[in-house]
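Chemist: okay, here's the prediction I keep looking at, along with the sequence it came from:
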Amino acid sequence: MSERPLSMLKLSIGIALGLWLGFIAIALTGWLATRYFPGLPLAPLAEVIQQPGKTPPAVAEPPDRMFEQYQENLRKQEQQQTLDQARNNSRNLSNPKCQFWLQQDQNAPSEKTRANVLQFCD
């Protein structure tokens, strides 16, 4: 029974020694890298480490631009669904203006052809 506290002590000492040696190895590697490779670009890394609350400006896209892009994608999806519905609607088969603009939109899609499809098709 006295063997268990001794093994726990050995385990604790081993873990502490491992952590300490790991820290020393990392520090030594950093020191050697800066000594033998002086041209390493460590300055940007140092800036990020010193200011952990800030995000580097090159990494983050402005939230407004992301939201605008999201809204644009939603608008395009809705427009595409409306065009698909117009193409699949059987009532549009007998509508020559709708057929003309559907064909135009298929051959040369543009804002004008899409607007005319939405105007002349059900």
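Modeler: Looks like it arrived, so ask away.

Chemist: mean confidence score for stretch 39-55?
Modeler: Taken as a whole, stretch 39-55 has an average pLDDT of 62.

Chemist: find the least confident helix or strand in the chain, judged by mean pLDDT.
Modeler: The weakest-scoring helix or strand in the chain, judged by mean pLDDT, DSSP states H and E, is helix 43-50 (a mean of 62).

Chemist: and the next helix or strand past that helix?
Modeler: Sequence-wise, the next helix or strand downstream of helix 43-50 (DSSP states H and E) is helix 63-88.

Chemist: for that next one, buried residues please.
Modeler: Going by neighbour count (16 or more other C-beta atoms under 10 Å), the buried part of helix 63-88 is 83, 86. In this view, the C-beta of every residue, glycine as well, is placed from N, C-alpha and C.

Chemist: need the next SSE after it, C-terminal direction.
Modeler: Defined by DSSP H and E, the subsequent element after helix 63-88 is helix 96-107.

Chemist: that following helix - contacts with which helices or strands?
Modeler: Here helix 96-107 touches helix 63-88, helix 111-120, going by 3 or more C-beta pairs under 8 Å, 6 or more residues apart in numbering; DSSP states H and E.

Chemist: now the last one: buried residues?
Modeler: Looking back up the chat, that one is helix 111-120. For helix 111-120, burial by neighbour count (16+ other C-beta under 10 Å) applies to 113-114, 116-117, 120.

Chemist: closest one to Tyr36 out of those residues, please.
Modeler: Arg114 (62.4 Å; C-beta to C-beta).

Chemist: and the closest one, what does it touch?
Modeler: If you count contacts by C-beta atoms under 8 Å, 6 or more residues apart in numbering, Arg114 has them with 79, 83, 105.

Chemist: chain neighbours aside, what residue packs nearest to the first one?
Modeler: Once its chain neighbours are removed from consideration, Gln79 has its nearest residue in Arg114; the separation is 6.2 Å (C-beta to C-beta, 6 or more residues apart in numbering).

Chemist: what's around Ala27, how many residues?
Modeler: Residues within reach of Ala27, counting by other C-beta atoms under 10 Å, total 10.

Chemist: ok, it to Arg35 distance?
Modeler: Distance of Ala27 to Arg35, computed by C-beta to C-beta, to the nearest Å: 12 Å.
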